[in-house]
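[1] Provided below are the primary sequence and the corresponding predicted coordinates.
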Amino acid sequence: MTIKNFIESFRPNYDLLSYVVARGVGSWYCIPIDYWLMNQWSQIGISNDLSDEDKAAVFLTKVEPYRLSNSFVRKAYERIKEQSNDYQKRFFIPMVYCDFDHKLLYTIYGEVALEDSLLPGWEGKLLDFRQLIREADSYWSD
C-alpha cells in the first residue's frame, strides 16, 4: 500500500495507531477499534477457551495485515502534517499502547473506554503513554 492510499483510507476515530509490544519487540499497527475490545474478542474469532498466551498469538496473527514499518509511519505522519485537515492530524498520533509481555493496555483514546474491556489479569489506564515508546519509534519527534 502506498502512503497516499493509506492516508486516503485512514478512518479517524476508527483506525487507531497502536504500538504493540510482544516478546520484547515493539511494532506499529493501524488497527480498527473493534480489535481492542478484548472482552469481545470471540466476535473476531479469538476463542475464550484459549490460554492468555494463545489469545495473544491469535490476536497478533489477525492484526499482522495492519502492521506498519517505522519508516512508513514516519513518512505518512509527515505527509499528513503537510496536507491533511486538523481532524485527521489529531487522530494520527499513537492512541493505544499494548504490552502483551506485561499485560498492559494504555490509551489516550477517550471515545470508548478500551481500558474497561480488558481480559482478566490485564492493567488498563487512560494515560498518555508516549514516553514509553522507544525514541527510535517515536515518529512524532524530530
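    Ah, there it is.
[2] next SSE downstream of the worst-scoring helix or strand of the chain on mean pLDDT?
    Here the helix or strand of the chain ranked lowest by mean pLDDT, DSSP states H and E is helix 86-91, holding a mean of 70. Downstream of helix 86-91, the next assigned helix or strand under DSSP states H and E is strand 96-99.
[3] just checking, what packs against that next one?
    With contacts taken as 3 or more CB pairs under 8 Å, 6 or more residues apart in numbering; DSSP states H and E, strand 96-99 sits against strand 15-22, strand 104-107. From N, CA and C alone the C-beta is placed, and that goes for glycine too.
[4] out of those strands, which gets nearest to Arg90?
    strand 15-22 (11.4 Å; CB to CB).
[5] which of the residues in the closest one are buried?
    For strand 15-22, a neighbour-count test (16 or more other CB atoms under 10 Å) marks Asp15, Leu16, Leu17, Ser18, Tyr19, Val20, Val21 as buried.
[6] now swap in stretch 36-46 and tell me
    For stretch 36-46, burial by neighbour count (16+ other CB under 10 Å) applies to Trp36, Leu37, Met38, Trp41, Ile46.
[7] separation between the third one and Asp137?
    Translated: Met38. Separation of Met38 from Asp137 (CB to CB, to the nearest Å) stands at 23 Å.
[8] same check, this time on Lys62
    For Lys62 relative to Asp137 (CB to CB), the value is 22 Å.
[9] nearest to Leu119, out of the helices and strands packed on strand 96-99?
    Between those, strand 104-107 lies closest to Leu119; by CB to CB that is 9.4 Å.
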